[in-house]
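[1] Okay, sequence plus prediction incoming.
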Amino acid sequence: MNIASVIVDVPAKQTDRPFDYLIPEHLIDVIKPGMRVSVPFGPRKIQGFVVGLKSESQFNKLKKISEPLDLSPVLNPDLLSLGNWLSEQTLSYKISAYQAMLPAALKAKYEKKLKLARDIAKDQLLEELQPLYEKIDTITWEEAKQSGMLSMLQKEAAKGQIDIVYEVKDRVKKKKLKSVHSIMSASELEHYRKSLSPQASKQLKVINYFIENQQPIILRELANLLNISTSVIKELVKKGVLAEQNMEVYRDPFEDRDFARTQPLQLTDEQGKAIAPILSSIEEWRHEVFLLYGVTGSGKTEVYLQSIQNVLEAGKEAIVLVPEISLTPQMVKRFKGRFGDQVAVMHSGLSAGEKYDEWRKIQRKEVKVVVGARSAVFAPFENLGIVIIDEEHETSYKQEENPKYHARDVAIERAFQNNCPVILGSATPSLETFARAKKGVYQLLSLPKRMNNQEMPAVEIIDMREELRSGNRSMFSSALLEKLKDRLEKKEQTVLFLNKRGHSSFVMCRDCGFVMNCPNCDISLTYHRYSQQMKCHYCGHEAGVPSVCPECQSEHIRYFGTGTQKVEEELVKVLPEARVIRMDVDTTSRKGSHEKLLDQFEEGQADILLGTQMIAKGLDFPNITLVGVLSADTMLHLPDFRSSEKTFQLLTQVSGRAGRHELPGEVIIQTYSPEHYSIELASLQDFDRFYEHEMTMRKLHKYTPFYYISLITVSHEQLMKAVSVTETITSYVRSKLTSSAIVLGPVASPIPRINNRYRYQCLIKYKREPELNQALKTVLDQYQQEMSSGGLQIAVDVNPFILM
DNA sequence: AGCACGCCGACT
DNA sequence: GTCGGCGTGCTC
């Protein structure tokens, strides 16, 4: 077994297969499958993943592995095979799949350098080049480029005066601190204590500490603990009693936070009934998928917690997935409160280093539970006992970049491999999931009542067209305004929700209707108040804000659509005494600010919390008695077959924020389409009827869950090229599928141009097409050349979430 | 993805 | 005749 099969870090069709390498003698027992190695590949050196070991290779001129990049495998055998499954499912490269399963810190960083060749002194170089190597023998490629003497250096390299060397490095350094430990045993220390000078009282303290504790301790911590200076400890190191070493420490994002420990709560009858099948599934090592369908506030989390408790007692591990949205701090609190430091937390708010550290805790088996966003489904556990996906319907579980996976699918596959259950939890399950539960593919567990039998909040729909007709042109209906005033008086809190997706603030001329569009993309520019600029959210194009209309020179140019900033300004005008906290991407971009703002609100430092998507979930404050949705229908008219579903889910979600405790809650939904079923049924909190209605629509239009969907998006700088390629692909795919499949296209993508590239697509709806995967692969193969050189892009998304 | 190899136009 | 353009094909 002196040969390793390696998947190299080159995301391309031709390299999407193992390459064999000789393992150097001294590394034969070190190199294992799942490890990252640095290997020579062509003229350079790159990172690769060992996927197998063998003693023979078809290839007879094998190169040697340069060096291992890990001490132990970063991908365990489970994950390695999950990675293969993932690349197969999503039609992406193996290397992309592996990298998606690891924290970004482990992605290699490459550096190309120019090194003075051995036996060559700097004065043997051309005179012009000598200053570059004044003090050092290596400069980076970048430095060489900037010096303007790159071509000269390359010539020297060809002559052998200079070597071109490649380096493979990790992105993030492990954080290390000095630690000390005793090199004597406790009894030896006791003996040594007697020989200590009576004046050395501080050294005595240290000796006493190490008699009690044999484990290494961080130097600084010990000094603080014993209230002495580090020089005392260093003195003992000098004497040879103690030894120093570098110890890897973790950046702990929750370091100075105390989580009050909680005990399991007494389950209600309903909860008890719901948890029973889960517990037996855990006990019997049975793979099963449960849909825990419970209204907001019905106590799903306690069911999760107690299921995990059972998993831990069985000596296994648990993964909990929660939606991205900066990972609601309240959720973290509940898990840390119950399981303490057995919990690792992984979410997008952490720095790359912090994410890596949390991941290391899992890898080193220091934790048993991970709570995290989408990618936490790849947590390197080896004895998985349960996977829980909270808010199962959330769109952030689908990754929009390659590999385009859905965490729910991965979770189910992983749980299947590990013979353990999956819990999908939601008050508003996705139609796919609910349909499967109804069919019996998943087991349906219901929690139809709120805990303590609180009433669901009363919901009122306000028709904004009526408001307009009666002369109210502000963004607050009179009913909402009145209730806002009422809450202010009663010192109760309000949450105002702005559905900003879709058209946010764009600029339009009121005289000629001119809308400011991005010159590169077919989409309107968004007005950013703080930078006084117009920005394109797709390509990043920026432009100044016009004071007159570029078309007709009219000065009646206005900002349309309402961003949170604008609502805040309005709010100050109509309710000057109200204290408002605004939460959106602008105010929460700084680390920890999300949590800080929520804490302020919880402590009653504000009357109104104003925000976008991110305040829709997880908020659970007793004093919130009013929820206002300013514009319920902004996402309803998006060109997406899930827009009704999303609107319903969002409205239900937000409404659930009100009246979760003793005080009863009220919800106001402002809309321009009050008769739309998703708004009407959301106001009645009637998921079941919504489900029935939406299912009829989906059946009628042949969408999920009745049909599977795959989407091919082709983009090219030239419109005709994009169209013709899509055309060819469409007819090829059509020819490969059965007559029951529906192949639509070519049609322009909902955003027909991004970054000056025209986008066309082919949509495939099907029930069962065993040939489809192969056909899609063939398409990608066929155009591979043009994709790497001809500026053509083809993206395939199996089960897309948004059809953009 | 890089990078080398290789085959055609404008220059010391 | 050579330098350098970027098309083609390989990387264990």
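    That came in fine, so what should we check first?

[2] Could you pull up the residues touching whichever residue of the stretch 601-750 of chain A sits closest to DNA strand C?
    For the stretch 601-750 of chain A and DNA strand C, the shortest gap (C-beta to the nearest atom of the strand) falls at residue A:717, measuring 14.8 Å. Where you see a C-beta, it was placed from the backbone N, CA and C, and this is true even at glycine. When contacts are counted by C-beta atoms under 8 Å, 6 or more residues apart in numbering, residue A:717 touches A:756, A:757, A:758, A:791.

[3] From residue A:183, how far off is residue A:558?
    76 Å (C-beta to C-beta, to the nearest Å).

[4] the more surrounded of those two?
    Using other C-beta atoms under 10 Å, the more surrounded residue of residue A:558 and residue A:183 is residue A:183, with 13 against 9.

[5] neighbours of whichever residue of the stretch 1-150 of chain A sits closest to DNA strand B, just the number please.
    Residue nearest to DNA strand B within the stretch 1-150 of chain A (C-beta to the nearest atom of the strand): residue A:12, separated by 3.8 Å. If you count neighbours by other C-beta under 10 Å, residue A:12 ends up with 12.

[6] Let me see the backbone angles for it.
    The phi/psi pair for residue A:12 (degrees, to the nearest 10) reads phi -150, psi 160.

[7] Make sure it is actually in contact with residue A:789.
    No - using C-beta atoms under 8 Å, residue A:12 is not in contact with residue A:789, being 11.8 Å away.

[8] contacting residues around the residue of the stretch 1-150 of chain A closest to DNA strand B?
    Residues in contact with residue A:12 (C-beta under 8 Å, 6+ apart) are A:93, A:788.

[9] and the gap between the closest residue to residue A:771 other than its chain neighbours and DNA strand B?
    Using C-beta to C-beta, 6 or more residues apart in numbering and skipping the chain neighbours, the partner closest in space to residue A:771 is residue A:736 (5.2 Å). From residue A:736 across to DNA strand B, the span is 25 Å (C-beta to the nearest atom of the strand, to the nearest Å).

[10] Help me confirm that residue A:736 comes into contact with residue A:776.
    No - judged on C-beta under 8 Å, residue A:736 makes no contact with residue A:776 at a distance of 9.3 Å.

[11] Looking at the two, which is more packed in?
    Ranked by neighbour count (other C-beta under 10 Å), residue A:736 and residue A:776 place residue A:776 first, with 20 against 17.

[12] quick one: contacts for residue A:190?
    Taking C-beta under 8 Å, 6+ apart, we find residue A:190 in contact with residue A:211.

[13] and residue A:637, which of the three is it?
    coil (DSSP: H, G, I helix; E, B strand; the rest coil).

[14] follow-up on the earlier one: also within reach of DNA strand B: list those from the contacts of residue A:717.
    Counting by C-beta under 7 Å from any atom of the strand, nothing from the contacts of residue A:717 sits close to DNA strand B.

[15] ok, of the residues you listed, which one's closest to residue A:221?
    Using C-beta to C-beta, residue A:757 comes nearest to residue A:221 of the contacts of residue A:717, at 55.2 Å.

[16] What lies in contact with stretch A:668-680?
    When contacts are defined by C-beta under 8 Å, 6+ apart, stretch A:668-680 is touched by residues A:459-465, A:467, A:475, A:477, A:479-480, A:483, A:626-633, A:636, A:644-645, A:647-648, A:651, A:655, A:682-683, A:690, A:693-694.

[17] quick check: longest helix of chain A.
    helix A:719-736 (DSSP state H).

[18] So for that one, what gets flagged as buried?
    Buried residues in helix A:719-736, counted by 16 or more other C-beta atoms under 10 Å: A:721, A:722, A:723, A:725, A:726, A:729, A:730, A:733, A:734, A:736.

[19] just those residues now: which is nearest residue A:390?
    Distance to residue A:390 across those (C-beta to C-beta) is lowest for residue A:733, with 36.7 Å.

[20] Next one: the closest one from residue A:798, what distance?
    Plainly put, residue A:733 is 13 Å away from residue A:798 if you go by C-beta to C-beta.

[21] list the residues that contact both of the two?
    residue A:776.

[22] State the three-state secondary structure for residue A:234.
    Assigned by three-state DSSP, the conformation of residue A:234 is helix.

[23] and residue A:783, what does it touch?
    Shown in contact with residue A:783 (C-beta under 8 Å, 6+ apart): A:725, A:792, A:794.

[24] So the first one sits against residue A:793, correct?
    No - between residue A:725 and residue A:793 no contact is recorded; they are 10.0 Å apart, counting by C-beta under 8 Å.

[25] Which neighbours do these two have in common?
    Common contact partners of residue A:725 and residue A:793 (C-beta under 8 Å, 6+ apart): A:714, A:716.

[26] can you dump the C-alpha coordinates of stretch A:350-357 into PDB?
    Extracted as PDB, the C-alpha positions of stretch A:350-357 are listed here (Å, rounded to 0.1, in the frame of the first residue of the first chain):
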ATOM      1  CA  LEU A 350     -18.100  33.600  12.700                       C
ATOM      2  CA  SER A 351     -14.800  34.400  11.200                       C
ATOM      3  CA  ALA A 352     -13.000  31.800   9.100                       C
ATOM      4  CA  GLY A 353     -10.700  31.100  12.100                       C
ATOM      5  CA  GLU A 354     -13.600  30.700  14.500                       C
ATOM      6  CA  LYS A 355     -15.400  28.400  12.200                       C
ATOM      7  CA  TYR A 356     -12.300  26.300  11.900                       C
ATOM      8  CA  ASP A 357     -12.000  26.100  15.600                       C
END
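
[27] and the gap between the closest residue to residue A:162 other than its chain neighbours and DNA strand C?
    Of all residues not flanking residue A:162 in the chain, residue A:156 sits nearest, at 4.7 Å (C-beta to C-beta, 6+ apart). Distance of residue A:156 to DNA strand C, given as C-beta to the nearest atom of the strand: 14 Å.
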